[in-house]
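1. structure of the sequence below:
(2 chains)
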Amino acid sequence: MSTEVEDAEILSKFQDERTREEAFKLLLKKYQQKIYWHIRRMVIDHDDADDLVQDAFIKIWKNLGGFRSDAQLYTWMYRIATNECITFLNKKKQRNNVSLDDVAYELADSLADSTYFNGDQAQRKLQEALLTLPEKQRLVFNMKYFDDMKYEEISQVVGTSVGALKASFHLAVKKIEAYLLSKD
Amino acid sequence: MKSDMENRDWLNDYKLLKQVNSANPFAVPDGYFDSLTDRIVSFKNLNDVTNNETGFTVPENYFEELSNNIQSRIAIAPIIGSNNQGFDVPEGYFEELSGNIQSRIAIEQVANSADNGFDVPEGYFDNLEQQVKSRILVEAALGDPDDHFGVPQGYFNELNQNILNKTVNFSKVKRSGVIRKMFASTAFKYATAACFALVLGGGILLSELNSPANEHKNSFLHKELSVVPIDDIKNYLQLNVDAGDAQQTVATEGVAVDANSLKNALQEDADSVQ
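-> Numbers count the residues shown, from 1 in each chain, chains lettered A, B, ... in the order given. The predicted structure follows:
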């Protein structure tokens, strides 16, 4: 992180019309992979993730001028990416007129057919277990387990209190454990 | 985030989950992140263009008034929002609508089918352009057809009336006879004049011969009386004339016979005979 450009410098450059484009490229280089993986873990399919990461950064470009520095930049971007994911999954449900369980089933199929999944059997099972969770629990688990984010940061992303997040997270972990046990 | 790494201790409570490799199991195509920045920048630029140059504008203060307008519409809606919304349809309209639409679709499909029911000879459209061009060239070479033919002056002005006269107005138009000129040559004119003079002279002669005086001169009474002396006639008349005899020729009715006049008349008559 220390070699990367500081968020404050990016934001400063973004305020200047002449360096706005440069600031956006710095922002992309710094955060594009984090945002991509956050989205990818939610929508599973690479092509869907590719579309959504572009849409998310378009919104970031449009709204970065109004960003308030009282929040962390990356949590603000995670929130935008999260909203894109939830909107996408809701549209998927409406488009196919299916329930949440059916969407999870579709995502599991997508995981099984994916050519871009290098995980072992245990990791595949973990992903299958995650797909049985409600979207918000899956979201919280992903940010905690894979991104090592603090509850306070997750709270800024999903807009839920830290206490509620902790309860939700531990409930999610128990479900995953139960799933892994049942499949062993 | 680094301080949060310490919180991964929670995994100690979930042994099964701890056994799972926490590394990212997902992958991306080769070189995906190398080009991702450029692709997102391009997408962003495209998005800027499409969003900023739509060319659409709204009236001044549109958005300031929009909220009030919507609230007004909402307030009015229940008043005018009856079931039929003030509109009505013919009875049975919706029952027949489906059938009508299907019929219309069937008709339009037939009408708009590829060949429209017509056909053209094979290769017609392939040669059509060439044929049109050839025709244009031929007609250009021949020139305007009007250059070759002409009509009498005012022909077309009278043509319409002439056609009407020969068709719908045929019974109303009085057919004029054929006029032939009798005096086509000078010799014929002189011959005609001579005949005319001959006929006229003959007529005069005949009328002279057939006049009452001439007939009287050639009559039997005239011949017989012409041999009788005038004195004898006078005596006879004086002795035998009465009121019943015709005296109109020599005397007016109701007037006494003038002996001198009678004598003179007879004398003239006898002289003319001689």
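2. show me where pLDDT drops low in chain A?
-> A:1-3, A:97-102, A:183-184 (pLDDT under 70).
3. please repeat the previous calculation with a cut-off of 90.
-> A:1-5, A:45, A:65-72, A:90-125, A:146-148, A:170, A:180-184 (pLDDT under 90).
4. with chain B instead?
-> B:1-193, B:203-274.
5. whichever residue of chain A sits closest to chain B: what secondary structure?
-> Distances between chain A and chain B by CB to the nearest CB are smallest at A:Gly119, namely 2.5 Å. Placement of C-beta: from N, CA and C, glycine included. Following DSSP: H, G, I helix; E, B strand; the rest coil, we place A:Gly119 in the coil state.
6. grab the nearest non-local neighbour of it.
-> B:Pro25 (2.5 Å; CB to CB, 6 or more residues apart in numbering or on different chains).
7. do A:Val157 as well
-> With sequence-adjacent residues excluded and distances taken as CB to CB, 6+ apart, A:Val157 is closest to A:Tyr78, at 4.5 Å.
8. please work out which residue of the stretch 101-250 of chain B is closest to chain A.
-> B:Ile101 (26.3 Å).
9. try chain B
-> Counting by CB to the nearest CB, chain B gets nearest chain A through B:Pro25, at 2.5 Å.
10. please report phi then psi for that residue.
-> Backbone torsions of B:Pro25, given as degrees, to the nearest 10, read phi -80, psi -10.
11. burial measure for it, as a count.
-> Residues within reach of B:Pro25, counting by other CB atoms under 10 Å in any protein chain shown, total 20.
12. gap between it and B:Asp38?
-> 27 Å (CB to CB, to the nearest Å).
13. ok, now A:Met149?
-> When A:Met149 is compared with B:Asp38 (using CB to CB), they lie 29 Å apart.
14. can you pick out the residue with more neighbours from those two?
-> A:Met149 (23 against 11).
15. surely A:Lys166 touches A:Tyr151?
-> Yes: the pair A:Lys166 / A:Tyr151 is scored as a contact, 6.1 Å apart, by CB atoms under 8 Å.
16. higher neighbour count, those two?
-> Counted by other CB under 10 Å, A:Lys166 and A:Tyr151 do not tie: A:Tyr151 has more neighbours, with 20 against 16.
17. skipping its backbone neighbours, what lies nearest that one in space?
-> A:Val162 (4.4 Å).
18. I'd say the one you found and A:Ser155 touch.
-> Yes: the criterion here is CB under 8 Å, and A:Val162 meets it with A:Ser155 at 5.1 Å.
19. out of the two, which sits in the busier spot?
-> The neighbour comparison of A:Val162 against A:Ser155 (other CB under 10 Å) goes to A:Ser155, with 19 against 13.
20. doesn't A:Ser161 make contact with the more buried one?
-> Yes: counting by CB under 8 Å, A:Ser161 is a contact partner of A:Ser155 at 6.4 Å.
21. what are the phi and psi values for the residue nearest to A:Tyr151?
-> Taking degrees, to the nearest 10 as the convention, A:Val162 sits at phi -60, psi -40.
22. what about A:Tyr105, helix or strand, and which?
-> If you go by DSSP states H and E, A:Tyr105 is part of helix A:100-113.
23. next secondary structure element downstream of that helix?
-> Downstream of helix A:100-113, the first helix or strand assigned by DSSP H and E is helix A:121-130.
24. helix or strand right after that next one?
-> The first helix or strand that comes after helix A:121-130 along the chain, using DSSP H and E, is helix A:135-145.
25. is that next one in proximity to chain B?
-> Yes: interface with chain B: helix A:135-145 contributes A:Tyr145 (CB under 8 Å from any CB of the partner chain).
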